[in-house]
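[1] For reference, the sequence and a predicted model appear below.
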Amino acid sequence: PTGTSPFKKVEKFSPRAGDCGNEISPQANRSDCDSGRLRLEIHNSRDKITKKKKPFETWFGYYIFVPEDFPIDKYFAPYITQFYGESKRQRGGFAPQISASILNGKLVHFGKTIVDEKNLKGKWNKIEFQIKWSIQKDGFVKVYHNGELKSSTENYKTMSLDRVQIKYGTYNHKEMFTIYPEGYQFPGHTIYYSGVSISRTRDKLKVNKIK
């Protein structure tokens, strides 16, 4: 749909303002509709990354395209990637241990700018996460944009629960201590992804196997 995708297959996430799911969360006893969330995501198998005593690395990568008409307002900061800690005994209810968001026209991770506002919209950007999963404080998270290292967090406990669920797409929720205008809804928007994959080595990612 962009005419410039590095792959033939493109995934389009395009929720409309007011779209929501009515499935009730067993932990919070409420649904996305009850809580004003706007969500459209894909996730991997919940057992893909599980807790291990010995640290290990994985790579996760994709191309992302944010259209020029992508809305910006001070309440709108969708998660586009979530590495979501999860307990085997309880599904949901945990904040993502590691994430990336679009905030004020920039792609950000741990407060650092990965793609600035001049380069995010209207083009395909390659994003790679290199993560050393560890239950001790010897893990790390590195994020690359078009092959360039943009963020490195060292000596970090990357895994505290039983397993990790990787989500990508768009997820919007209302912050607990933010006052929103009456009747506020997160705006409809579109994000494109291509070449999404996970691997134990960087060279095996789809984004790095383009001929």
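    Now that the structure is in, tell me what you want to look at.
[2] secondary structure class for the residue of the chain positioned farthest from its centre?
    Distance from the C-alpha centroid of the chain, by CA atoms, centre = their mean, peaks at Glu182 (28.0 Å). Taking DSSP: H, G, I helix; E, B strand; the rest coil as the rule, one finds Glu182 in the coil state.
[3] Not counting sequence-adjacent ones, nearest residue to the residue positioned nearest the centre of the chain?
    Nearest to the mean C-alpha position of the chain, counting by CA atoms, centre = their mean, stands Thr81 at 0.6 Å. Leaving aside its sequence neighbours, Thr81 sits nearest to Ala100 (CB to CB, 6 or more residues apart in numbering; 4.3 Å). Where you see a C-beta, it was placed from the backbone N, CA and C, and this is true even at glycine.
[4] And the residue farthest from the centre of the chain, how far from Gly36?
    12 Å (CB to CB, to the nearest Å).
[5] now Glu128
    32 Å.
[6] More neighbours: which of the two?
    Glu128 (21 against 15; other CB atoms under 10 Å).
[7] what helix or strand does that one sit in?
    If you go by DSSP states H and E, Glu128 is part of strand 124-133.
[8] How far does that strand sit from its chain's centre?
    Counting by CA atoms, centre = their mean, to the nearest Å, strand 124-133 is centred 11 Å from the centre of its parent chain.
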